[in-house]
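K.L.:
the following comprises the amino acid sequence and a computationally predicted model.
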Amino acid sequence: MEKQNPPPYSPPGPGFQVSPPAQGYPPPPTQGYQPPPPPVSEHHTVIVTHMSPMALGPQPTAITCPSCHAQIVTTVETEATTKTHLFALLLCLFGCYPCCCIPYCVDSCQSQNHYCPNCRAYLGKYDN
Ligand SMILES: [Zn+2]
């Protein structure tokens, strides 16, 4: 039965040469070793607070303002959109020059932006 452990110290024999043993010298256990931290359970709920425009009609709508949390009736402001300009351009292309301003006067060709009369927050728009 032969042991594999190298002798920690070889007795000096004839022709002894000082050489550090390359093996058989286990590194000391790392001091201050800390076990890996336990996995942090992430149960916190991410609350998305960004305001998404609501689906609103063309008329002033009674809602609760998400900005000031007041019961309000939205203020509708009509705004010309790309579609409005497109309609005007189409009317010009078809020769209805006098009519090209009509889309800017027709609410259905424009988008209605809803604002809170209380805090002037933009609430959404009705785009038809
Ligand atoms: Zn408000």
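P.N.:
Done, it's in.
K.L.:
point out where the chain drops to low pLDDT.
P.N.:
1-31, 33, 40-55 (pLDDT under 70).
K.L.:
give me that answer again for 50
P.N.:
48 (pLDDT under 50).
K.L.:
what are the bridge partners for the closest residue to residue 126 other than its chain neighbours, then?
P.N.:
The spatially closest residue to residue 126, leaving aside those adjacent along the chain, is residue 112, at 4.3 Å (CB to CB, 6 or more residues apart in numbering). In short, each C-beta sits where N, CA and C put it, glycine included. For residue 112, the beta-bridge partners under DSSP bridges are residue 78, residue 126.
K.L.:
could we number from 27 for the rest of this?
P.N.:
In the new count, where the first residue is 27, that last one comes out as residue 138.
K.L.:
helix or strand right after the lengthiest helix in the chain?
P.N.:
Among the segments of the chain that qualify as a helix by DSSP state H, the longest is helix 108-119. Reading on from helix 108-119 to the C-terminus, the next helix or strand found by DSSP states H and E is helix 128-131.
K.L.:
who's in contact with that next one?
P.N.:
106, 109-111, 113-114, 117, 135-136 (CB atoms under 8 Å, 6 or more residues apart in numbering).
K.L.:
out of those residues, which end up buried?
P.N.:
110, 113-114, 117, 135-136 (16 or more other CB atoms under 10 Å).
K.L.:
quick one: the strands in this structure?
P.N.:
80-81, 88-90, 97-99, 101-105, 137-141, 148-152 (DSSP state E).
K.L.:
give the buried residues for the fourth one.
P.N.:
When neighbours are counted by 16+ other CB under 10 Å, the buried residues of strand 101-105 are found to be 102, 104.
K.L.:
no further queries at this time; thank you.
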